[in-house]
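Asker: Quick one: sequence and predicted model below, then my questions.
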Amino acid sequence: MTGKKVVVAGATGLVGHAALRHFGASEPCEVVALSRRKPRDLYGARHVPIDLTSEADCRRAAAELQGATHLVYAALYEAPQLVDGWRDPQQIKTNDLMLRNLMGVLEQVSPDLRHVALLQGTKAYGVHVRPLAVPAREGRSEMYEQPNFYWAQENFLRELQTGKSWHWSILRPVLIVGLAMGGAMDLIPPLGVYAAMLREQGRPLDFPGGAARVAQAVDVDLLARAIAWSGEAKAARNEAFNVTNGDVFTWENIWPAVADALEMMPGKPVPLSLAKEFPNWVGPWDALRRKHDLVSPALAEFVGLSFQYADYSLRYGQTESGSPSIVSTVKINRAGFTEMMDTEDMFRKWFRQAKQERLLP
């Protein structure tokens, strides 16, 4: 469609970066990347440095936002203690403020705005505080009584949109897998670093997590295509959708594929907190970067808070099998988005890419 201008907020994050890649490669449109630091690759987008927590900074960027037709809102503030922060009132308040600041300016300068895509996740169903209803369904299983920045942002958008010509869509991905540096919730860097440490010692890829739980994941490129679809599909207007690869997995079952993708043998269960262990890897990681001529940065910058997220996802310290974490994707399939991906293939894809880009040895 001519005259399409996509603004991607949170362009350095896992989802934002994938959205830049999608719109840059597959659609003839103008793309503006909003983030504090410059993304690793802009894919033809124009970068506008911005601090969304500052209303003045958003106003300063008004000219760059002029004429936007689509907003992909993937910006996120996470507290330093990642998992605890999900229930922190300050984290909720900050994320609410960021969306309000941006929309306050965007609506003024973009009279042709058509669509806002907002990211949520399974915390909408209280996955961080209770077992999920299986499967969790949009409009039926939400945990509105649990304070969450999702509800602050969603309520704001619903009210703002009333009587206007633009629409919103909410996407609720499960465990997102892709490749962003310094992200809060990106498993490829922490698992890749952990594997590299073991391989240097000539060891197999031991499983560092806890007891099994049946779960789902989503490839970030598939998610980016779902976001783009939601911006054009009539059936997606003012609707929320779960997004997954379409299969289920347990870490134990896919661990051999993860090991194979990293060119290692799968080992045995050896519980290990990656978040507690990683300070011991700072020096060895720098040595590996020099040895293999890697382009990835120092450990903290490369992995961000994702060591904490890896412990959470792999259920480190959990000794009993967890309740299944399964969402229904019937709604998005019926609405017209039917893409699927094999979760083992997804992990192979991203570890292969991390090696090709010289981010991992």
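Answerer: Happy to help now that I have it. Residues are numbered from 1 along each chain as shown.
Asker: Remind me what the biggest helix by length in the chain packs against, helices and strands.
Answerer: In the chain, assigned by DSSP state H, the helix with the most residues is helix 89-109. For helix 89-109, the elements it packs on are helix 55-60, helix 62-65, strand 70-73, helix 149-161, judged by 3 or more C-beta pairs under 8 Å, 6 or more residues apart in numbering; DSSP states H and E. The way it works is simple: take the backbone N, C-alpha and C, and place the C-beta from them, glycine included.
Asker: and those, which is most packed in?
Answerer: strand 70-73 (a mean of 28; mean count of other C-beta atoms under 10 Å).
Asker: partners of it in the sheet?
Answerer: Sheet partners assigned to strand 70-73 using DSSP bridges are listed as strand 5-9 (parallel), strand 115-119 (parallel).
Asker: Quickly list the domain ranges of this protein.
Answerer: Following automatic domain parsing, the chain resolves into domains at 5-173+219-243, 177-216+248-327+342-356.
Asker: which stretch among those domains comes nearest Ala335?
Answerer: Closest of those to Ala335 is domain 5-173+219-243, at 3.9 Å (criterion: C-beta to C-beta).
Asker: That closest one spans what distance, first to last residue?
Answerer: From the first residue to the last, domain 5-173+219-243 extends over 24 Å; the measure is C-alpha to C-alpha, to the nearest Å.
Asker: Show me where the protein dips below the pLDDT cut-off.
Answerer: Where the chain drops to pLDDT under 70, the residues are 1-2, 78-87, 182-184.
Asker: relative to its centroid, which residue of the protein is most remote?
Answerer: When each C-alpha in the chain is compared with the mean C-alpha position (C-alpha atoms, centre = their mean), Gly202 comes out farthest, at 32.3 Å.
Asker: Spell out the secondary structure type for that one.
Answerer: Look at Gly202: counting by DSSP: H, G, I helix; E, B strand; the rest coil, its state is coil.
Asker: Can you give me the distance of it to Leu274?
Answerer: 20 Å (C-beta to C-beta, to the nearest Å).
Asker: Just the buried positions in stretch 189-208, please.
Answerer: Going by neighbour count (16 or more other C-beta atoms under 10 Å), the buried part of stretch 189-208 is 189-199, 205-208.
Asker: should've said stretch 93-102
Answerer: Neighbour-count burial for stretch 93-102 [16+ other C-beta under 10 Å]: Thr94, Asn95, Asp96, Leu97, Met98, Leu99, Arg100, Asn101, Leu102.
Asker: who touches that stretch?
Answerer: 9, 34, 52-55, 57-58, 71, 73, 75-77, 118, 149, 152-153, 156-157 (C-beta atoms under 8 Å, 6 or more residues apart in numbering).
Asker: Now do that stretch: distance to the chain's middle.
Answerer: 18 Å (C-alpha atoms, centre = their mean, to the nearest Å).
Asker: Make JSON lines out of the domains of the chain and add distance to Asn333.
Answerer: Output for the domains of the chain, formatted as JSON lines (distance: least, C-beta to C-beta, whole Å):
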{"stretch": "domain 5-173+219-243", "distance to Asn333": "9"}
{"stretch": "domain 177-216+248-327+342-356", "distance to Asn333": "12"}
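Asker: all strands of the stretch 201-350 of the chain, in order?
Answerer: For the stretch 201-350 of the chain, the strands defined by DSSP state E, counting those that start in this stretch occupy 205-207, 217-219, 239-243, 266-269.
Asker: Out of those, the one nearest Arg130 is which?
Answerer: Minimum separation from Arg130 across the strands of the stretch 201-350 of the chain (C-beta to C-beta) falls at strand 239-243, 17.3 Å.
Asker: Pull up the pairing partners for that closest one, direction included.
Answerer: Sheet pairing for strand 239-243, using DSSP bridges, gives strand 167-173 (parallel).
Asker: Please determine how far Leu132 is located from Lys123.
Answerer: As defined by C-beta to C-beta, Leu132 lies at a distance of 11 Å from Lys123.
Asker: ignore the last one, Leu71
Answerer: The gap separating Leu71 from Lys123 is 22 Å, by C-beta to C-beta.
Asker: same deal with Trp281?
Answerer: Distance from Trp281 to Lys123, by C-beta to C-beta: 29 Å.
Asker: do the same with Asn155
Answerer: Distance of Asn155 to Lys123, given as C-beta to C-beta: 16 Å.
Asker: cool, and Lys355?
Answerer: 32 Å.
Asker: now Lys349
Answerer: 26 Å.
Asker: before we move on, what about Ala56?
Answerer: For Ala56 relative to Lys123 (C-beta to C-beta), the value is 30 Å.
Asker: One more: Leu106?
Answerer: 25 Å.
Asker: Neighbour count: these two, which is higher?
Answerer: Neighbours were counted for Leu106 and for Lys123 using other C-beta atoms under 10 Å; Leu106 has more, 22 against 17.
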